[in-house]
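> Need coordinates for the below:
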Amino acid sequence: MTLSLTAAAAMALATPALAQTSEPNTAPATPAPDAPADTSRVTVGIGVATLPDYEGADSNSITPGAVAIGKVKGFDFFTRGTQLYVNLIPNAGGVGINYELGVIGGVRLDRTNRVDNAQVRALGKLDTAYELGGYVGIGKTGVITSDYDTVTARVAFVHDVSGAYDSYVITPQLNYTTPLSYTTLVSLGASADYVGKGYGRTYFGVTPIGALSSGLRVYDIDDSGFKRVNLSFFALQSLSGDLRRGFGVGAGVLYGKMLGKYKDSPIVSDVGDADQWAGAVGLTYTF
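You can find the predicted model right below:
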């Protein structure tokens, strides 16, 4: 999972923006013909999350988080953890197909701060990774329950440009979101991470020197592969009476399962846990 110190809170708070391109279930009165279209809306939020101490850890820590997400002049943007996605294809909103072709910038903070587990801490802190990349996707509004539910499939690619792990991460994502009313929205998501050799060695490998200092067994990853899969559920309740404006409360839970050679790393299998849980709750404001 690409969860950093703010990721779970960000994902729980990000849900409302998915409703920003369309109206909730019972449409309001049609505006006058000369009324300008409302194509811009932004949601900001703050919250707290319980996150694994490091990816693959068997204990969680409480941490604050923040998010910004929305649409400006038809161009969508959103944060996913410590990454910012910006769609370069304008989206007019409404029922139908929408395409995504965008850019990503972000940082990866795993094991850059204090780690509670003494053996993993003995391996030393890792450098912050700065990532750049892009994504493609397609979404459809008006799928199952109404003209306002949305399913989106996308694939994201980022590469470390700072030399921290000197590799890449590919993340296929699938999300379904539907407003249940003017005031309530729910979202289901699934994703996976396919990582390059450098990523595996940096975050899950144990060198001979590291084994001596930590007591963990030597472990190397010599190729790429799927690192983990994730399932998520999030909900938003408006406090203003309208999802499209004012304050709201968002909450969510995410379950991740480490896979293959990454699950077998001593950092996970010996002193951690392949089952990863995260939860978050936060306050949002949409304008």
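> and the closest residue to Ala92 other than its chain neighbours, how far is that from Ala66?
What sits nearest to Ala92 in space, not counting adjacent residues and going by C-beta to C-beta, 6 or more residues apart in numbering, is Gly74, at 6.4 Å. (Each C-beta comes from the backbone N, C-alpha and C, glycine too.) Between Gly74 and Ala66 the computed distance is 25 Å (C-beta to C-beta, to the nearest Å).
> In stretch 65-78, which of the residues would be classed as buried?
65, 67-71, 75-78 (16 or more other C-beta atoms under 10 Å).
> First-to-last residue distance for that stretch?
Separation of the first and last residues of stretch 65-78 by C-alpha to C-alpha, to the nearest Å is 14 Å.
> for it, the distance to its chain's centre please.
Taking C-alpha atoms, centre = their mean, to the nearest Å, one finds stretch 65-78 lying 14 Å from the centre of the chain it belongs to.
> Also stretch 93-109?
In terms of C-alpha atoms, centre = their mean, the centre of stretch 93-109 is set 12 Å apart from its chain centre.
> swap in stretch 190-210?
Distance, stretch centre to chain centre, for stretch 190-210: 19 Å (C-alpha atoms, centre = their mean).
> pull the CA atoms of it into CSV?
This file holds the C-alpha atoms of stretch 190-210, laid out as CSV (Å, rounded to 0.1, in the frame of the first residue of the first chain):
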residue,chain,number,x,y,z
ALA,A,190,-9.8,-1.7,-5.2
SER,A,191,-6.1,-1.2,-6.2
ALA,A,192,-2.8,-3.0,-6.5
ASP,A,193,0.8,-2.0,-6.6
TYR,A,194,3.4,-3.5,-9.0
VAL,A,195,6.9,-2.3,-8.1
GLY,A,196,10.3,-2.5,-9.6
LYS,A,197,13.4,-4.2,-8.3
GLY,A,198,14.8,-1.1,-6.6
TYR,A,199,11.6,-0.5,-4.7
GLY,A,200,11.6,-4.1,-3.3
ARG,A,201,15.3,-4.0,-2.3
THR,A,202,15.0,-0.6,-0.6
TYR,A,203,11.8,-1.2,1.5
PHE,A,204,11.8,-5.0,2.0
GLY,A,205,15.4,-6.1,1.6
VAL,A,206,17.9,-6.8,4.4
THR,A,207,21.6,-6.5,3.6
PRO,A,208,24.3,-8.5,5.4
ILE,A,209,25.2,-5.4,7.4
GLY,A,210,21.5,-4.7,8.1
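> average model confidence for that stretch?
Summarised as a single mean, pLDDT over stretch 190-210 is 98.
> just to revisit the earlier point, pretty sure the residue nearest to Ala92 contacts Asn87?
No - in this structure, Gly74 is not within contact of Asn87 by C-beta atoms under 8 Å, at 9.3 Å.
> ok, now how distant is Arg228 from Pro52?
From Arg228 to Pro52 the distance is 11 Å (C-beta to C-beta).
> excluding its backbone neighbours, what's nearest Gln83?
Leaving aside its chain neighbours, Gln83 sits nearest to Gly106 (3.1 Å; criterion: C-beta to C-beta, 6+ apart).
> so what's that neighbour up against?
Applying C-beta atoms under 8 Å, 6 or more residues apart in numbering, one finds that Gly106 lies in contact with 81-84, 130-131, 158.
> Now name the helix or strand holding it.
Element membership of Gly106, judged by DSSP states H and E, is strand 96-108.
> in that strand, what counts as buried?
Taking 16+ other C-beta under 10 Å as the criterion, strand 96-108 shows 98, 100, 102, 104-108 as buried.
> before we move on, the earlier item: from the contacts of Gly106, list just the buried residues.
Buried members of the contacts of Gly106, counted by 16+ other C-beta under 10 Å: 81-84, 130-131, 158.
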